[in-house]
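In: Sequence first, predicted coordinates after that:
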Amino acid sequence: MTALRVVSQLPEPFTATIAGGVAGIDIIHIPRGVPDAVPDDARILLAAPFSRPGDLPAKRPKGWPFNIDWIQLVSVGIDFYPPWLFEGPVVTSARGSSSVALAEFALAAIFAQAKHLPDIWIDGPDRWASTPLAAVEGSTLGIIGFGSIAEALAPRAQALGMRVIATRRTDAPFAVDGVTRVDTDTLFATADHVVLAAPLTADTRHLVDVRRLALAKPGQHIINIARGGLIDDKALLAALDAGSVTATLDVTEPEPLPAGHPYYSHPRVRLSPHSSVATPDTRAALARRFAENVDRYRAGLALANIVDASRGY
């Protein structure tokens with residue numbers, strides 16, 4: 001079997017995991033960013049996201065797409081990549097690779113909010129006083145966007161005794177029994193915890209806005225593990241200041257936030273630096289999916305998880 005030449009812009013831990021899990025490939029590293037050139041015999045590009053969606057290079061590199069006929073992304077959303085990347089070669093996403101990590105992060109955020117972690121830890125007898133806590137069992141989880149993240153999160157939440165409601169762009173049935181389909185306004189009015197798990201598109205930008213926050217159930221906890229652009233920051237800050245909601249934000253727009261941004265110090269915000277997917281299992285899952293697609297590619301079959309740029313994912 002002739003080795004497939006693959007060019008990679010990914011960090012070494014990702015590349016090493018992929019190289020160890022996919023037989024018959026030869027990986028060559030190229031710099032992150034706009035590829036100026038790739039080897040003539042390279043057919044597959046493992047593309048790293050650009051760090052700032054607002055600064056994406058509009059001009060395609062000379063010679064693009066070279067001899068590349070398949071591009072593998074390390075994300076599900078495509079907003080961190082320039083439009084010209086999707087003009088020509090087939091592009092596949094990492095759909096499902098980080099679903100478990102994201103689901104676990106969302107559950108950790110739910111417990112942290114309900115049990116006031118880490119605030120209830122004490123370091124002396126002067127703080128020996130009980131704090132009223134909330135129950136997770138019996139609470140309602142609302143999931144915006146029922147894709148692979150929701151498919152991992154919903155059954156785990158149900159196992160904890162949570163009621164799960166969700167929205168979905170299409171009328172396709174949910175892959176998890178017991179999940180109730182609702183519209184977005186009803187979800188905000190009903191849920192104790194809202195997890196944003198939708199891709200960022202023209203339709204979903206600022207989905208969390210003044211109107212929806214006015215509908216939010218009092219004390220609602222909003223968890224964003226998808227894209228920062230789903231939230232109108234000005235509207236959320238107003239709701240936070242009013243004390244009507246709390247938020248756990250693993251993603252923001254831009255990333256990183258500039259120094260002095262109110263999210264850094266707001267008492268009703270838990271902010272993390274896009275860390276929810278940073279697990280070894282995420283890399284291993286991506287390697288498995290890439291290996292499966294390599295087999296399809298060699299056999300001349302359609303690849304899985306092909307991106308539809310018109311949908312935004």
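Out: Perfect, I can see it now. The model shown is predicted, which means the values in this text are computed figures rather than measured ones.

In: any idea where the strands of the stretch 1-150 of the chain begin and end?
Out: 4-8, 25-29, 42-47, 70-73, 90-92, 140-144 (DSSP state E, counting those that start in this stretch).

In: what separates the second one from the chain centre, distance-wise?
Out: Shown here is strand 25-29, whose average C-alpha point lies 27 Å from the average C-alpha point of the whole chain (C-alpha atoms, centre = their mean, to the nearest Å).

In: who's in contact with that strand?
Out: 3-9, 15, 18-19, 39, 42, 44, 46, 294 (C-beta atoms under 8 Å, 6 or more residues apart in numbering). Heads up, the C-betas are built off the backbone N, CA and C, glycines and all.

In: Going by neighbour count, list what's buried in stretch 200-216.
Out: 200-201, 204-208, 212-213, 216 (16 or more other C-beta atoms under 10 Å).

In: Correct me if wrong: residue 223 contacts residue 246.
Out: No - if you go by C-beta atoms under 8 Å, residue 223 and residue 246 don't touch, sitting 9.6 Å apart.

In: So residue 57 sits against residue 34, correct?
Out: Yes - counting by C-beta under 8 Å, residue 57 touches residue 34, with 5.2 Å between them.

In: Look up the residues that both of the two are in contact with.
Out: residue 82.

In: More neighbours: the two, which one.
Out: Each of residue 57 and residue 34 has its neighbours counted (other C-beta atoms under 10 Å); residue 34 has more, 15 against 12.

In: quick one: contacts for the more buried one?
Out: By C-beta under 8 Å, 6+ apart, the neighbours of residue 34 are 57, 61, 82.

In: ok, 7 Å please
Out: 57, 61 (C-beta atoms under 7 Å, 6 or more residues apart in numbering).

In: Which helix runs longest in this protein?
Out: helix 280-299 (DSSP state H).

In: send the alpha carbons of that one over as PDB?
Out: What follows is helix 280-299, C-alpha atoms only, in PDB (Å, rounded to 0.1, in the frame of the first residue of the first chain):
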ATOM      1  CA  PRO A 280      -6.500  13.400  25.200                       C
ATOM      2  CA  ASP A 281      -9.800  11.700  24.300                       C
ATOM      3  CA  THR A 282     -10.700  14.500  21.900                       C
ATOM      4  CA  ARG A 283      -7.500  13.900  20.000                       C
ATOM      5  CA  ALA A 284      -8.000  10.100  20.000                       C
ATOM      6  CA  ALA A 285     -11.600  10.500  18.700                       C
ATOM      7  CA  LEU A 286     -10.400  12.800  15.900                       C
ATOM      8  CA  ALA A 287      -7.800  10.300  14.900                       C
ATOM      9  CA  ARG A 288     -10.400   7.500  14.800                       C
ATOM     10  CA  ARG A 289     -12.700   9.500  12.600                       C
ATOM     11  CA  PHE A 290      -9.900  10.500  10.300                       C
ATOM     12  CA  ALA A 291      -8.700   6.900  10.000                       C
ATOM     13  CA  GLU A 292     -12.200   5.800   9.000                       C
ATOM     14  CA  ASN A 293     -12.300   8.500   6.400                       C
ATOM     15  CA  VAL A 294      -8.900   7.600   5.100                       C
ATOM     16  CA  ASP A 295     -10.300   4.100   4.400                       C
ATOM     17  CA  ARG A 296     -13.200   5.600   2.600                       C
ATOM     18  CA  TYR A 297     -10.900   7.900   0.600                       C
ATOM     19  CA  ARG A 298      -8.700   5.000  -0.500                       C
ATOM     20  CA  ALA A 299     -11.800   3.000  -1.500                       C
END
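
In: Quick check: buried residues in that helix?
Out: Counting neighbours by 16+ other C-beta under 10 Å, helix 280-299 gives 282-283, 285-290, 293-294, 297 as buried.

In: Using JSON lines, lay out the residues you listed together with distance to residue 242.
Out: Output for the buried residues of helix 280-299, formatted as JSON lines (distance: C-beta to C-beta, whole Å):
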{"residue": "282", "distance to residue 242": "36"}
{"residue": "283", "distance to residue 242": "41"}
{"residue": "285", "distance to residue 242": "40"}
{"residue": "286", "distance to residue 242": "41"}
{"residue": "287", "distance to residue 242": "46"}
{"residue": "288", "distance to residue 242": "45"}
{"residue": "289", "distance to residue 242": "43"}
{"residue": "290", "distance to residue 242": "46"}
{"residue": "293", "distance to residue 242": "48"}
{"residue": "294", "distance to residue 242": "52"}
{"residue": "297", "distance to residue 242": "53"}
